[in-house]
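Colleague: from the sequence below, what's the structure:
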Amino acid sequence: MEQTAETVDAVVVGAGPNGLVAANILADAGWDVLVLEAAETPGGAVRTAELTAPGFRNDVCSAFYPLAAASPIISALHLQDYGLRWRHAPAALAHVLPDDRVALVSRDLDRTAASVAQFAPGDGDAWRAEFHSWTAIRDQLLDALFQPFPPVRAAARLGKRLGLADGLRFARMVTMPVRVMAAERFAGAGAQLLLAGNAQHTDLGPGHAGSAVFGWLLAMLAQDVGFPVPEGGAGRLAIALTNRLTAAGGRVACQRPVTRIHTAGGEAVAVSDASGRLVRARRAVLATVPAPVLYQELLDPDVLPPRFREDLRRFHWDDPTVKVDWALSQPIPWRNPEAGQAGTVHLDADMAGLADYHHALANGRLPEDPFLLLGQMTTADATRSPSGTESAWVYTHVPRDHKWDTDSLRHFADRLEAVVERHAPGFTGRIQARRIHGPDDLFHIDGNLVGGAINAGTAAIHQQLFFRPVPGLSRPDTPVDRLFLAGASAHPGGAVHGGPGANAAKAALRRAGRGGGAYRKVVQRLNAALYT
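Modeller: Down below sits the predicted model:
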């Protein structure tokens, strides 16, 4: 290693939201932190650009942020002091059924209850009861969700809040398929599909074990904090995180992809970028890349236990994504105008349609009737496009091994637009411009979206909690001392909430602090028990 190499306390690999959260926490603790980012700007999958037409600000990847708005980690950073402003559509989300009926979630509880009661008279009261249960455990549950697993103290507080009887019933719900849980609690299709539709923000179908908790969590967050967006574009969230980091003394260096993490004596000691420049790390290296990239590409495989490498070969990606962005001359002309009130729209499957969609994906086939997640961005934030127009997008999941070229992507985008046209006659005539991103395109935008997978690994129960990313303790510590997994492949997984980044930063601080030697020995013994 060159003697002239730059030296810092910590190197963070990747300036996505998890990397920026981790860097902020370390900088707040007085560490000299350098974030190395491959792209031209920070943000990872949280960025905004004029993808379609001048004056239309399109969120390149992620767009709505209920988990960021509710996250105690994000809240603790006080990003409003650095320019972040949340904006809301008149309604959080809508599920459009094949017959054009709409189930709506509004932050106004009365309005949501009235919407689901149209499908079954008792479902309004049932939704109120569900939301009451949510508010009773909200803070304890969110605290437990974003802690390293197992969240002993946070889980104890949650268990105390729930009590034995309700705790057992909650644990049952966590394991359930959303289709079963929704049918148990609601009689009508409206509330049932709001839960099942929200589970589609993962790669889990209505019959998958563990899908219920995702659908329930996002539905309750929609009722509670809505599905907010940053004013001016998703990129404003990344800008706020970057500005805060800079104010705290940290640095971000873009267009410096890390190509190697160096180790010595079983510790991470430095990284190299694509130009060969070396950065030494006195205290820690935090990597926000997906687990297979970290362990199979950035590290010498000999530093990893053979059993760990074998477990990693069984890592299961989530489904790839195809996304279409539009510049529309006018808002979408929904046949049912309630759909036009929502920032996020789920379109247009019933429960059987959702099951068919996932059955096709599981068998490697393009779904004949793809389920769509659609965003009406100007409806949520008027700054996104010229007055009277709409910046909008749609995405859907596709099979992992499907081969795409320009023509097949174009024809598939036409199919997605036909679904919208079916429920909004005249929609296609309002398209001024569009941009299509297939799985490979998304990977080129953000190298963490491997194969177009947007959650850095499946949300299925076999790869959650202490199975994420491989069977272990579900902590950010890795088999290499002072190297921490800080991205969405780590617990608690995908979405923008800062959990993996915060957990990695706290682990790095603990390893470097008093008792760090004892901490290292405990981790080494646990790794030995798990992987030898």
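Colleague: next up, the contacts around Ala27.
Modeller: Val33, Leu245, Ala248, Gly249, Gly250 (C-beta atoms under 8 Å, 6 or more residues apart in numbering). For every residue, glycine as well, the C-beta is placed using N, CA and C.
Colleague: in strands, which of those residues appear?
Modeller: Within these, residues falling in strands by DSSP state E are Val33.
Colleague: Gly266: which of the contacts of Ala27 is nearest?
Modeller: Proximity of the contacts of Ala27 to Gly266 (C-beta to C-beta) peaks at Val33, which lies at 23.0 Å.
Colleague: centre of the chain to stretch 40-48, how far?
Modeller: Here stretch 40-48 shows a centroid-to-chain-centroid distance of 14 Å under the convention C-alpha atoms, centre = their mean, to the nearest Å.
Colleague: quick one: residues in contact with it.
Modeller: Under the criterion C-beta under 8 Å, 6+ apart, residues 14-20, 35, 57-62, 232-239, 241-242, 252, 254-255, 288, 445-446, 448-449, 454, 496 lie in contact with stretch 40-48.
Colleague: in helices, which of the residues you listed fall?
Modeller: Mapping these onto helices (DSSP state H) picks out Pro17, Asn18, Gly19, Leu20, Gly235, Arg236, Leu237, Ala238, Ile239, Leu241, Thr242, Ile445.
Colleague: the third one: neighbour count?
Modeller: Using other C-beta atoms under 10 Å, Gly19 has 32 other residues around it.
Colleague: so it makes contact with Val35?
Modeller: Yes: checked against C-beta atoms under 8 Å, the pair Gly19 and Val35 is within contact range at 5.7 Å.
Colleague: domains for the chain, by residue range?
Modeller: Using automatic domain parsing, the domain ranges for the chain come out as 6-38+255-316+455-531, 114-188+206-222.
Colleague: give me whichever of those is most buried.
Modeller: domain 6-38+255-316+455-531 (a mean of 21; mean count of other C-beta atoms under 10 Å).
Colleague: ends of it, what's the gap?
Modeller: One end of domain 6-38+255-316+455-531 sits 34 Å from the other (C-alpha to C-alpha, to the nearest Å).
Colleague: how far off centre is it?
Modeller: Relative to the centre of its chain, domain 6-38+255-316+455-531 is centred 18 Å away, using C-alpha atoms, centre = their mean.
Colleague: quick revisit: are any of the contacts of Ala27 buried, and which?
Modeller: Buried subset of the contacts of Ala27 (neighbour count, 16 or more other C-beta atoms under 10 Å): Val33, Leu245, Ala248, Gly250.
Colleague: ok, which pair from those is furthest apart?
Modeller: Using C-beta to C-beta, the buried ones among the contacts of Ala27 span at most 8.4 Å, a distance reached by Val33 and Ala248.
Colleague: Asp99 is nearest to which of the domains of the chain?
Modeller: With C-beta to C-beta, the closest approach to Asp99 among the domains of the chain belongs to domain 114-188+206-222: 11.5 Å.
Colleague: end to end, how far does the closest one reach?
Modeller: End-to-end distance of domain 114-188+206-222 (C-alpha to C-alpha): 16 Å.
Colleague: repeat that for stretch 293-308.
Modeller: Using C-alpha to C-alpha, one end of stretch 293-308 lies 14 Å from the other.
Colleague: looking at this protein, which helix or strand is least sure?
Modeller: Every helix and strand of the chain was ranked by mean pLDDT, DSSP states H and E. The lowest is helix 152-175, at a mean of 86.
Colleague: now find how far off-centre it is within its chain.
Modeller: On the basis of C-alpha atoms, centre = their mean, helix 152-175 sits 24 Å off its chain's mean C-alpha point.
Colleague: state the next helix or strand along the chain beyond that helix.
Modeller: Scanning forward in sequence from helix 152-175 by DSSP states H and E, the next helix or strand is helix 178-185.
Colleague: convert the C-alpha atoms of that following helix to CSV, please.
Modeller: Taking Å, rounded to 0.1, in the frame of the first residue of the first chain, the C-alpha atoms of helix 178-185 are listed here in CSV:
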residue,chain,number,x,y,z
VAL,A,178,-51.9,-11.5,3.5
ARG,A,179,-54.8,-13.1,1.7
VAL,A,180,-55.7,-15.2,4.8
MET,A,181,-55.2,-12.3,7.2
ALA,A,182,-57.2,-9.9,5.1
ALA,A,183,-60.1,-12.3,4.9
GLU,A,184,-60.1,-12.9,8.6
ARG,A,185,-60.4,-9.2,9.4
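Colleague: what residues does it touch?
Modeller: Taking C-beta under 8 Å, 6+ apart as the rule, helix 178-185 contacts 126, 130, 173, 191-193, 195-196, 199, 204, 206-208, 211-212, 214-216, 351, 355.
Colleague: do a quick rundown of the helices in the stretch 251-400 of the chain.
Modeller: With DSSP state H, counting those that start in this stretch as the criterion, the stretch 251-400 of the chain has helices at 291-293, 306-312, 351-362, 377-380.
Colleague: now swap in the stretch 51-200 of the chain and tell me
Modeller: Using DSSP H, counting those that start in this stretch, the helices of the stretch 51-200 of the chain run over residues 66-70, 72-75, 109-117, 123-145, 152-175, 178-185, 189-199.
Colleague: nearest to Asp28, of the ones you listed?
Modeller: With C-beta to C-beta as the measure, helix 72-75 is the member of those nearest Asp28 (12.3 Å).
Colleague: and that closest one, what's buried?
Modeller: In helix 72-75, counting by 16+ other C-beta under 10 Å, buried: Pro72, Ile73, Ile74.
Colleague: who's His397 bridged to?
Modeller: His397 has the following beta-bridge partners by DSSP bridges: Thr321.
Colleague: part of a helix, is Arg410?
Modeller: Yes: counting by DSSP: H, G, I helix; E, B strand; the rest coil, Arg410 is part of a helix.
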